[in-house]
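Visitor: What follows is a predicted protein model with its sequence.
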Amino acid sequence: MKKENILTRNIWLKLASFMLAIALWFFVILSGRSGIVMDIPIMYENVAQDLEVVDFPKTVSVNIEGQERILKSLRQNEISAVVDLGDVKAGRSFITLTHENIKLPSTLEVTGIEPQTISLTLEKQMKKTVSVQPAIVGVPARGFVIMEITVEPDMIIIEGPRSVISKIYNVKTEPIDISGLNADLQYKAKVNLANFNIRANEQKVDVNIFVKKIR
């Protein structure tokens, strides 16, 4: 009696089951897919130590596809565009973004980037020592006058792109309201740099305001 091979027994039924399983797998994978458009932050990496990035886009728009439930749970900090500036020299540059620049969960797919080409400028860094001036608003109480205002330290070092730092000769503190002041005031004031590209070696200074009663 001929022995039946277990692999070939009911071969057509097994092939049909196999094809049904594949179709079911594609149905599960493809069903529930959706797409969204997000504005994501651009992160600039490996900038040379003596250069500053100026005049650059902060975000880029991307089309993302994937399972709808995963897209709904996608958080802003899970996706970003990363641009390596390690080989970029000073001056204006144009950089084309590809899917490799987009960092996102592996279960999602980028299907579009807008704009695909971004432009930015790299400038040489500059350091400079400038004076700090208190920004006083208001007037003392009736019968009082300001005798003296001191700032400690009265000079700080600022650092940033050459085109910005070269035009700065002093910086001001945050506004200090002395309306109705009738006694000496010691106040730790923030330094108002007014430009996010500028850094300073001091974030706050001590402002001493001395008043005197004249009648």
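Guide: Yep, that arrived. Residues are numbered from 1 along each chain as shown.

Visitor: could you give the mean pLDDT of the longest strand along the chain?
Guide: Assignment by DSSP state E gives strand 117-137 as the longest strand of the chain. Strand 117-137 carries an average pLDDT of 96.

Visitor: helices or strands up against it?
Guide: Here strand 117-137 touches strand 51-54, strand 91-96, strand 144-152, strand 155-161, helix 162-165, strand 170-177, strand 185-192, strand 204-213, going by 3 or more C-beta pairs under 8 Å, 6 or more residues apart in numbering; DSSP states H and E. All C-beta spots, glycine's among them, are computed from the backbone N, C-alpha and C.

Visitor: Adding mean neighbour count and distance to Asn63, write those out as JSON lines.
Guide: Shown next, in JSON lines, are these (neighbours: other C-beta atoms under 10 Å; distance: least, C-beta to C-beta, whole Å):
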{"stretch": "strand 51-54", "mean neighbour count": "18", "distance to Asn63": "26"}
{"stretch": "strand 91-96", "mean neighbour count": "12", "distance to Asn63": "17"}
{"stretch": "strand 144-152", "mean neighbour count": "13", "distance to Asn63": "52"}
{"stretch": "strand 155-161", "mean neighbour count": "18", "distance to Asn63": "33"}
{"stretch": "helix 162-165", "mean neighbour count": "17", "distance to Asn63": "35"}
{"stretch": "strand 170-177", "mean neighbour count": "15", "distance to Asn63": "43"}
{"stretch": "strand 185-192", "mean neighbour count": "14", "distance to Asn63": "40"}
{"stretch": "strand 204-213", "mean neighbour count": "16", "distance to Asn63": "45"}
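
Visitor: closest one to Ile36 among those?
Guide: strand 91-96 (23.1 Å; C-beta to C-beta).

Visitor: For whatever helix or strand comes next after the closest one, which outside residues touch it?
Guide: Next helix or strand after strand 91-96 toward the C-terminus (DSSP states H and E): strand 102-103. If you take C-beta atoms under 8 Å, 6 or more residues apart in numbering as the criterion, strand 102-103 is touched by Ile40, Val62, Ile79, Ser80, Ala81, Val82, Val110, Ile113.

Visitor: Quick check: nearest residue in space to the third one, chain neighbours excluded?
Guide: Just to be clear, that refers to Ile79. Leu104 (4.2 Å; C-beta to C-beta, 6 or more residues apart in numbering).

Visitor: Worst mean pLDDT across the helices and strands of this structure, which element?
Guide: Least confident helix or strand of the chain, by mean pLDDT, DSSP states H and E, is helix 11-30 with a mean of 74.

Visitor: chain center to that helix: distance?
Guide: Counting by C-alpha atoms, centre = their mean, to the nearest Å, helix 11-30 is centred 47 Å from the centre of its parent chain.

Visitor: what does stretch 132-141 give?
Guide: Worked out by C-alpha atoms, centre = their mean, stretch 132-141 lies 34 Å from the chain centre.

Visitor: try stretch 141-154
Guide: Centroid displacement of stretch 141-154 relative to its chain, using C-alpha atoms, centre = their mean, is 39 Å.

Visitor: coming back round to it: any idea how many residues pack against the residue nearest to Ile79?
Guide: 19 (other C-beta atoms under 10 Å).
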